[in-house]
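Asker: Mind folding the following:
(chains A and B)
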Protein chains: 2
Amino acid sequence: MDGTEQLHEAQSPASPASQDAVLVEVTRGGRVESVHRGHAVVCDASGRVVWSLGDPGAVIYPRSSCKMIQALPLIESGAADAAGLGPQELALACASHQGAAIHSDPISRWLAAQGLSDEDYRCGPETPRDIPTRDALIRAHGAARQIHNNCSGKHAGFLTLNRHIGGGPDYEAPDHPVQQAIRQAFEEVTGEPSPFYGIDGCAAPNFATTMTGLARAMARFAAARPEGSTREKAMVRLREAMAAHPELVAGEGRACTELMRAMDGVAIKTGAEGVFTAILPGQQLGVAVKITDGTTRASECAIAAILVRLGVLDPAAPAAVKRMTPVLTNRRGMEVGAIRPAAALLG
Amino acid sequence: MDGTEQLHEAQSPASPASQDAVLVEVTRGGRVESVHRGHAVVCDASGRVVWSLGDPGAVIYPRSSCKMIQALPLIESGAADAAGLGPQELALACASHQGAAIHSDPISRWLAAQGLSDEDYRCGPETPRDIPTRDALIRAHGAARQIHNNCSGKHAGFLTLNRHIGGGPDYEAPDHPVQQAIRQAFEEVTGEPSPFYGIDGCAAPNFATTMTGLARAMARFAAARPEGSTREKAMVRLREAMAAHPELVAGEGRACTELMRAMDGVAIKTGAEGVFTAILPGQQLGVAVKITDGTTRASECAIAAILVRLGVLDPAAPAAVKRMTPVLTNRRGMEVGAIRPAAALLG
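Answerer: Below you'll find the predicted structure:
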């Protein structure tokens, strides 16, 4: 579970639509109106696939679901400790937050303590997803800043690592030492060379892997021991920071925040285009979900169903009901349909 | 092509995921990240399927893509003429508008002229999708009203028909004479009994049909003659109103508006959950598209590709490029991927 372990040969890339399975159904009037397919993989601590639907070999972009992997070099390099980062900053480094003050304020302080500011970011501005924050910005005729970007905590981590290693300002470039360190960590924890990368919405590279690679990485986070290697210690700090500060990983009303609050020590993370990951320390299991069509309503339903299936989420918990079997209403508030896991997910 | 023609027996309902075809791909870094499947059918004036992908027998909810069908009784009953409705009001009756002043102002006047108001609506309030209108509402700390609902023109048509026939106030109830008149027209123009209905986001019933039924209905609109039957005359008025006022059918920046402006006399209409229809009078063809997963980015890409294929949309037109092959950028404005029709759509 450190950088010296052997890398497995990646399977040849398969389209995300190849051999996918029906995972989620959307109903209206008691009939299926829309259907979401995808892949789901659960790996154990040895990296073995213990359960799957669809194609475990499908190659995907993990997008923001792998932010805890992207934060490993921040800790392992010593940069996090040199900057005095605590669990809150580490949770924000793994976050796709919605730009509320509870997110942007601590990140601003984190940057300022290092002599950095919004100007140093390379993630681009994004309108805050937190509605009160967005509305306040509209009323003030203000413009969104880079710190409002849902990835601004991850980029604060990139900047902190970059300052520690003395890299140039283009820390988001794929060949920059910051991104190369992330690529190495990513390939080590997925156990596969990454066959290619794409540029994410925040301008940083996002390394592709198989569904199994992503689930295997999460299982390694789950099985990491506080008394283990440097990597294991970093993994423990990150998963515990996420589980301890669910409100920082996403925000009020969001799936990651609400589902983590309903569980004990489980860390989960959404990613764009229908990806979701989960780290189950109690079971030493890792989970990866990809919805082929990229839809978030389906990845949220699927991950909730899998967490219930694995025994870490109470299906009666309001957060579970809201994501796994939400009622769809019309604009008068009347129930008109529902989202539900397909039979294979429940089976 | 009137109410007396024989209804064909509907095929037994098939899930929207049954035998669907890959229609649209989303790429990042030159690789396919997400995939959208669905069904596409083109019918000619005789109701024959002349081209299809996926399953022409798939049963779907047309959602807002069938608003021109829902407006037929408004005209055929004489209610539209009695209320003095012109092409603008008829375009708004077929619209999923975004609640800008160019939409809500004429609808307000239309209601007022009949002694009706926002209070008579049963569609529920919806935040305007037009950003300047939304922002003005937020700055005024105002609340969205029912007239902002994207269906408020359709409901103004329902109210106008209801006033004409003297129905009760619950004009959106499935067994109300207004909705029964719509069901009859719907089954006549699709050529099939509707096997079931669901309640739409605006509280009105939405009648299910096969993909072929929906495309056949659009072909009948396309082939309708100004000198034909009462139904044909109503169809001509509606398709011409839509094509003459594309800004009223959706709004600035929207696919229906921009694509109709780039074509000559073609009427198109989006619907929730990945549906799109098109009426091609010059070719006397009707088109129906349903994306299985319900995603709008894919239905817009697919309908644009089909309109290009049928020779009514210039693939070099900016509106065509924007919907058929849009570039995806990150938050710094750099190109990171694209949406594109799958090979089968282009072939």
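Asker: and the stretch 101-250 of chain A, which of its residues are near chain B?
Answerer: Residues of the stretch 101-250 of chain A that fall close to chain B, judged by C-beta under 8 Å from any C-beta of the partner chain: A:122-126, A:135, A:138-139, A:149, A:196-203, A:206, A:208. (Each C-beta comes from the backbone N, C-alpha and C, glycine too.)
Asker: out of those, which are buried?
Answerer: Buried by 16 or more other C-beta atoms under 10 Å in any protein chain shown: A:122-126, A:135, A:138, A:149, A:197-203, A:206, A:208, out of these.
Asker: all helices for the stretch 51-200 of chain A, in order.
Answerer: With helices called from DSSP state H, counting those that start in this stretch, the stretch 51-200 of chain A shows them at A:67-70, A:72-76, A:79-82, A:87-93, A:101-113, A:131-139, A:152-165, A:177-190.
Asker: Dump the ones you listed to TSV, plus mean pLDDT.
Answerer: Formatted as TSV, those follow (pLDDT from 0 to 100):
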stretch	mean pLDDT
helix A:67-70	98
helix A:72-76	98
helix A:79-82	98
helix A:87-93	98
helix A:101-113	97
helix A:131-139	96
helix A:152-165	98
helix A:177-190	98
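Asker: looking at those helices, which is buried most?
Answerer: Mean neighbours per residue, mean count of other C-beta atoms under 10 Å in any protein chain shown, is largest over those for helix A:67-70, with a mean of 27.
Asker: pretty sure A:Q284 is in contact with A:F221, am I right?
Answerer: No: checked against C-beta atoms under 8 Å, the pair A:Q284 and A:F221 is beyond contact range at 9.9 Å.
Asker: out of those two, which sits in the busier spot?
Answerer: Neighbours per residue (other C-beta atoms under 10 Å in any protein chain shown) separate A:Q284 from A:F221, with A:F221 holding more: 28 against 17.
Asker: helices or strands next to the lowest-mean-pLDDT helix or strand in chain A in the packing?
Answerer: In chain A, the helix or strand scored least confidently by mean pLDDT, DSSP states H and E is helix A:343-346, which has a mean of 92. With contacts defined as 3 or more C-beta pairs under 8 Å, 6 or more residues apart in numbering or on different chains; DSSP states H and E, helix A:343-346 has these neighbours: strand A:21-28, helix A:296-309.
Asker: With distance to chain B as extra columns, can I get these in a markdown table?
Answerer: Output for those, formatted as a markdown table (distance: least, C-beta to the nearest C-beta, whole Å):
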| stretch | distance to chain B |
| --- | --- |
| strand A:21-28 | 4 |
| helix A:296-309 | 8 |
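Asker: Can you say which of these is nearest to A:V266?
Answerer: Among the helices and strands packed on helix A:343-346, the nearest to A:V266 by C-beta to C-beta is helix A:296-309 (7.0 Å).
Asker: pLDDT on the closest one, on average?
Answerer: Per-region confidence: helix A:296-309 scores 98 on mean pLDDT.
Asker: Please pull up the helix or strand immediately following that helix.
Answerer: Counting by DSSP states H and E, the next helix or strand C-terminal to helix A:296-309 is helix A:318-324.
Asker: May I have whichever strand in chain A runs longest as PDB, with CA atoms only?
Answerer: In terms of residue count, the longest strand belonging to chain A (DSSP state E) is strand A:31-44. Provided in PDB are the C-alpha atoms of strand A:31-44 (Å, rounded to 0.1, in the frame of the first residue of the first chain):
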ATOM      1  CA  ARG A  31     -44.700   3.800 -15.300                       C
ATOM      2  CA  VAL A  32     -41.000   4.000 -16.100                       C
ATOM      3  CA  GLU A  33     -40.300   7.300 -17.900                       C
ATOM      4  CA  SER A  34     -36.500   7.300 -18.000                       C
ATOM      5  CA  VAL A  35     -33.700   4.800 -17.200                       C
ATOM      6  CA  HIS A  36     -30.100   5.300 -16.100                       C
ATOM      7  CA  ARG A  37     -27.500   2.600 -16.800                       C
ATOM      8  CA  GLY A  38     -24.000   2.400 -15.400                       C
ATOM      9  CA  HIS A  39     -21.300   0.500 -13.600                       C
ATOM     10  CA  ALA A  40     -20.900  -0.200  -9.900                       C
ATOM     11  CA  VAL A  41     -17.900  -2.000  -8.200                       C
ATOM     12  CA  VAL A  42     -17.100  -2.900  -4.600                       C
ATOM     13  CA  CYS A  43     -13.600  -3.900  -3.800                       C
ATOM     14  CA  ASP A  44     -12.100  -5.300  -0.600                       C
END
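Asker: What strands line up against that strand, and which way round?
Answerer: According to DSSP bridges, strand A:31-44 forms sheet pairs with strand A:21-28 (antiparallel), strand A:49-53 (antiparallel), strand A:285-291 (antiparallel).
Asker: Out of those strands, which is closest to B:A317?
Answerer: It's strand A:285-291; of the strands paired with strand A:31-44, that one is closest to B:A317 (C-beta to C-beta) at 32.1 Å.
Asker: okay, the helices and strands packed on helix A:343-346, which one's buried deepest?
Answerer: Greatest average neighbour count among those goes to helix A:296-309 (a mean of 25), per mean count of other C-beta under 10 Å.
Asker: Would you mind getting the angle between it and strand A:285-291?
Answerer: 150 degrees (axes from the mean of the first three to the mean of the last three C-alpha atoms, to 10 degrees).
Asker: Mind listing residues that contact helix A:296-309?
Answerer: Residues outside helix A:296-309 that contact it (C-beta atoms under 8 Å, 6 or more residues apart in numbering or on different chains) are A:23-24, A:26, A:36, A:38, A:40, A:42, A:255, A:259, A:263, A:266, A:268, A:270, A:274-276, A:278, A:287, A:289-291, A:313-315, A:319-320, A:323-326, A:339-341, A:345-346, B:293.
Asker: With the flanking residues excluded, which residue is spatially nearest to the residue nearest the centre of chain A?
Answerer: Centroid-nearest residue in chain A, with C-alpha atoms, centre = their mean: A:S65, separated by 2.3 Å. Closest residue to A:S65 apart from its sequence neighbours, by C-beta to C-beta, 6 or more residues apart in numbering or on different chains: A:G271 at 3.2 Å.
Asker: Run through the residues that contact the one you found.
Answerer: Applying C-beta under 8 Å, 6+ apart to A:G271 gives the contacts A:P62, A:R63, A:S64, A:S65, A:C66, A:S96, A:T277.
Asker: Inside strands: which ones of those residues?
Answerer: Reading strands off those with DSSP E, I get A:T277.
Asker: Closest one of the contacts of A:G271 to chain B?
Answerer: Closest approach between the contacts of A:G271 and chain B, by C-beta to the nearest C-beta: A:R63, at 8.6 Å.
Asker: Quickly list what A:C43 is bridged to.
Answerer: Going by DSSP bridges, A:C43 is paired in beta bridges with A:V49, A:G286.
Asker: And for A:A278?
Answerer: Here A:A278, judged by DSSP bridges, has bridge partners A:I268, A:V287.
Asker: I'd like to know how many residues surround it.
Answerer: By other C-beta under 10 Å, 29 other residues sit near A:A278.
Asker: Tell me which residues touch whichever residue of the stretch 201-347 of chain A sits closest to chain B, please.
Answerer: The minimum distance from the stretch 201-347 of chain A to chain B, using C-beta to the nearest C-beta, falls at A:R331 (3.0 Å). By C-beta under 8 Å, 6+ apart, the contact list for A:R331 reads B:C123, B:G124, B:P125, B:E126, B:N149, B:G201, B:C202, B:A203.
Asker: could you say which helix or strand contains it?
Answerer: A:R331 belongs to no helix or strand when assigned by DSSP H and E.
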